[in-house]
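J.: coordinates for the following, if possible.
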Amino acid sequence: MRTEPPINTSVAEFSQYVRLSTLPTASRFELATLPENNTGIGVPGPTDYVALIAAIKLPASGASLITSQPRFAESTPVPEAFRRAWLSAPEKDALRRASIQGSVAYNIRALATHPTKRALAIPVSAEEWVLYLEYVAP
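T.: Alright, predicted model coming up:
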């Protein structure tokens with residue numbers, strides 16, 4: 001039986017992954033792996049991806065640290081499986097847009113607390129952001 005992993009809403013725990021000058025007013029995040037291990041009996045093979053997916057709300061003043069980071073120049077898509085069911089339609093759309101050349105996405109690797117292969121912050125609205133931090137990728 002497949003079950004959805006719990007979504008973490010702790011702003012304090014989120015800050016263990018990303019250093020921001022202002023704490024988010026709200027956060028939802030998940031540390032996910034592909035292939036997924038929702039069976040409880042172990043991963044079915046090698047873990048190809050490990051990534052943090054987050055949706056956060058930041059006051060406009062808090063977003064300035066993100067917007068001061070360089071724009072993400074690559075157009076590598078975020079794997080579709082990381083557009084999680086718990087994300088809103090606009091948040092999923094933001095992850096989809098991150099792979100389009102010329103879209104607005106910020107490279108936040110310098111803000112990550114652990115080494116990442118890619119770290120993106122994509123604005124959903126003035127105060128809402130979706131983040132994708134890729135730790136392991138093929």
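
J.: isn't residue 52 right up against residue 33?
T.: No: applying CB atoms under 8 Å as the test, residue 52 and residue 33 come out as separate, 10.9 Å apart. No exception for glycine: its C-beta is placed from N, CA and C like everyone else's.

J.: can you pull the contacts of residue 125?
T.: Listed by CB atoms under 8 Å, 6 or more residues apart in numbering, the contact set of residue 125 reads residue 90.

J.: specify the beta-bridge partners of residue 136.
T.: The residues listed as beta-bridge partners of residue 136 by DSSP bridges are residue 50.

J.: and it, how many neighbours?
T.: By the criterion of other CB atoms under 10 Å, residue 136 has 14 neighbours.

J.: distance check, residue 52 against residue 112.
T.: Residue 52 is 9 Å from residue 112, where distance means CB to CB, to the nearest Å.

J.: of those two, which one has the most company?
T.: residue 52 (22 against 17).

J.: which stretches of the chain form helices?
T.: Counting by DSSP state H, the chain has helices at residues 11-14, 60-67, 89-97.

J.: residues contacting residue 62?
T.: By CB under 8 Å, 6+ apart, residue 62 lies in contact with 20, 21, 22, 23, 24.
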